[in-house]
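# starting from these lines, generate the structure:
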Amino acid sequence: MSEYTTISLRKEFVADVEEYIEDEPFGSVKEFVKHVVVQEMESDDEISEAEARRIGKRLQDLGYVD
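All right, here's what the predicted structure looks like:
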């Protein structure tokens with residue numbers, strides 16, 4: 001039996017994702033997020049620590065990350 005956990009996302013972010021995937025073949029935000037995470041994990045592309053910090057700061061500035 002699989003165990004699950006919960007990840008909290010800001011409602012505004014979820015609304016943005018729902019709008020983004022409106023015409024895409026994903027049944028839910030959960031399916032889309034899972035797809036993106038798996039795709040990223042399988043990617044050979046790497047980002048630098050500095051780029052990761054810039055991305056994190058940008059997400060924080062946009063209110064998606066506390």
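# for Val65, the count of nearby residues, please.
A total of 14 residues lie near Val65 under the criterion other C-beta atoms under 10 Å. Just so you know, the C-beta spots here come from the backbone N, C-alpha and C atoms, and that holds for glycine as well.
# give the contact list for it.
The contact partners of Val65, by C-beta atoms under 8 Å, 6 or more residues apart in numbering, come to Gly56, Leu59.
# how about the helices in this structure?
Assigned by DSSP state H, the chain shows helices spanning 11-20, 29-42, 49-61.
# with only the CA atoms kept, save the second one in CSV.
Coordinates of each C-alpha in helix 29-42 appear next as CSV, following Å, rounded to 0.1, in the frame of the first residue of the first chain:
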residue,chain,number,x,y,z
VAL,A,29,-2.8,20.3,-11.0
LYS,A,30,-1.5,17.3,-9.1
GLU,A,31,-1.0,15.4,-12.4
PHE,A,32,0.7,18.4,-14.0
VAL,A,33,3.0,19.0,-11.0
LYS,A,34,3.9,15.3,-10.9
HIS,A,35,4.7,15.3,-14.6
VAL,A,36,6.9,18.4,-14.3
VAL,A,37,8.8,17.0,-11.3
VAL,A,38,9.4,13.6,-12.9
GLN,A,39,10.5,15.3,-16.1
GLU,A,40,13.0,17.5,-14.2
MET,A,41,14.3,14.5,-12.2
GLU,A,42,15.0,12.6,-15.5
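# tell me which residues in that helix are buried?
For helix 29-42, a neighbour-count test (16 or more other C-beta atoms under 10 Å) marks Val29, Phe32, Val33 as buried.
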